[in-house]
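>>> Sequence below, structure please.
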Amino acid sequence: MGFTGQTDYNHDGPRPKTGVLLTNLGTPDAPTSKALRVYLKEFLSDPRVVEIPRLVWWLILHFFILPLRPAKSAKLYASIWQKEGSPLWVISQKQGEKLQQQLDNTYGEGEVPVTIGMRYGNPSIASAIDQLTAQNVRNLIVLPLYPQYSGATGGSTFDAVAHHLQSLRWVPEVKVINGYHQHPQYLRALRLSVERHFETHGVPDKLVLSYHGTPQRYLEQGDPYSCFCQQTTRLLSEQLDYPADKIMTTFQSRFGKATWLQPYTDTTLASLPNEGVKHVAVICPGFSADCLETLEEIEGENREVFIEAGGKEFHYIPCLNDNDDHIQMMSELIEQNLPPQFGPLKISLN
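Below you'll find the predicted structure:
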């Protein structure tokens, strides 16, 4: 195995920097069958995502899924695609730019550079790390934008970072932030988002917190994700001036025939009108940026499910995206993990 080394290092140059790698799941390069096939192959080949014996899964993936699913997924992506690209990528760029501006204002321009890397697709985590090391970054802070840690998300991100670092001759110091679902600023940002929505659209009969699902057996084998989702709901409900018994936790985006975390979002929304619930608001606390699963699945498909079942009013509360409250949370997470020379942390929760 060969190693990549930095041969032009200037020993008399500026001191090494701390850099920030923001990561998210990723997105196809285009809403086309060809692009989706490339993206889905990488995504569904990750053993953290699909824990099925490799040979069995390889046959299923290559003979049943990849020949059919890319075309269907391409149509769904096309329905939400923007001029600048996929919503996830557009929002991620805005998040990175705003976080960079905030860190520049605090520590000086370029002193704490920020880059974006996607676990699947482009720009890759490897390319983002190389971009940072090219800026003399020797201390790397990795912030996967998954509030509730799961092996399939945060764990997989760690795998990708570690895999690339194995190829470097000079490995930087690394700090990986493994979730932040209990962080006060994250919960505050969620609370403010819900409160603003209630002020504009009225108070719903039910507030549904829909998280991305995972197979039930992942929980049974020790993945803490489901517990972290439940904790998020409880902590948010404690901050809201809204009855806790009207707040629900559900799980979306199940795939395949296995049992996933329950209750399912779609079946829950289908049943609520028969229970007298005619007005719901849905928020997805596990997603840091709006994407296919929120814009098409929740705002589109699940809206139809609720209305067709007899519901009258459905509202989707957008992700935190590049809201100032969300960027402030990211900044505080970074500041809490900076080396001592950057000085004490100043936190404001007003």
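>>> got any ranges where the stretch 251-350 of the chain has weak pLDDT?
Along the stretch 251-350 of the chain, the parts satisfying pLDDT under 70 run over 343-350.
>>> quick one, helices of it?
Taking DSSP state H, counting those that start in this stretch as the criterion, the stretch 251-350 of the chain carries its helices at 265-271, 303-308, 324-335.
>>> quick one, which of those helices is nearest to residue 21?
Taking C-beta to C-beta, helix 324-335 is the member of the helices of the stretch 251-350 of the chain nearest to residue 21, at 10.6 Å. For the C-beta atoms, the positions are set from N, CA and C on the backbone; glycine is no exception.
>>> Just the CA atoms of the closest one, as CSV, please.
Extracted as CSV, the C-alpha positions of helix 324-335 are listed here (Å, rounded to 0.1, in the frame of the first residue of the first chain):
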residue,chain,number,x,y,z
ASP,A,324,-29.1,31.4,12.0
ASP,A,325,-30.1,29.3,15.1
HIS,A,326,-28.8,26.2,13.4
ILE,A,327,-25.5,27.8,12.3
GLN,A,328,-25.0,29.1,15.9
MET,A,329,-25.3,25.5,17.2
MET,A,330,-22.7,24.3,14.7
SER,A,331,-20.4,27.1,15.7
GLU,A,332,-20.7,26.3,19.4
LEU,A,333,-20.1,22.6,18.7
ILE,A,334,-16.9,23.6,16.8
GLU,A,335,-15.8,26.0,19.5
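>>> on that earlier part again, include mean neighbour count when you put the helices of the stretch 251-350 of the chain into TSV, please.
Formatted as TSV, those follow (neighbours: other C-beta atoms under 10 Å):
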stretch	mean neighbour count
helix 265-271	21
helix 303-308	17
helix 324-335	21
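>>> count of neighbours near residue 193?
20 (other C-beta atoms under 10 Å).
>>> quick one: it and residue 323 touch, right?
Yes - at 7.1 Å, residue 193 and residue 323 qualify as touching, with contact defined as C-beta atoms under 8 Å.
>>> List the neighbouring strands of the lengthiest strand in the chain plus their orientation.
The strand that spans the most residues within the chain, counting by DSSP state E, is strand 17-27. Within its sheet, strand 17-27 is paired with strand 114-121 (parallel), strand 137-144 (parallel), according to DSSP bridges.
>>> following that strand, which helix or strand comes up?
helix 33-44 (DSSP states H and E).
>>> Could you tell me which residues within that following helix count as buried?
35-40, 43-44 (16 or more other C-beta atoms under 10 Å).
>>> tell me the angle the lengthiest helix in the chain makes with helix 324-335.
The residue-count maximum for a helix in the chain (DSSP state H) belongs to helix 87-107. When axes from the mean of the first three to the mean of the last three C-alpha atoms, to 10 degrees is applied, the directions of helix 87-107 and helix 324-335 differ by 60 degrees.
>>> Give me the residues contacting helix 87-107.
20, 22, 24-27, 80-82, 84, 110-116, 118, 145, 288-292, 295, 319, 321-322, 324, 326-328, 330-331, 334-335, 342 (C-beta atoms under 8 Å, 6 or more residues apart in numbering).
>>> Which among the residues you listed count as buried?
20, 22, 24-27, 80-81, 112-116, 118, 145, 288-292, 295, 319, 321-322, 326-328, 330-331, 334-335, 342.
>>> quick one, domains of this structure?
Here the domain parsing of the chain from automatic domain parsing is 17-180+325-342, 184-317.
>>> Redo those as CSV? Include distance to residue 3.
Below are the domains of the chain laid out as CSV (distance: least, C-beta to C-beta, whole Å):
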stretch, distance to residue 3
domain 17-180+325-342, 4
domain 184-317, 33
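>>> Out of those domains, the one nearest residue 5 is which?
Between residue 5 and the domains of the chain, the tightest spacing by C-beta to C-beta is seen for domain 17-180+325-342, at 3.7 Å.
>>> end to end, how far does the closest one reach?
11 Å (C-alpha to C-alpha, to the nearest Å).
>>> And residue 111, how far from residue 328?
Distance, residue 111 to residue 328, using C-beta to C-beta, to the nearest Å: 19 Å.
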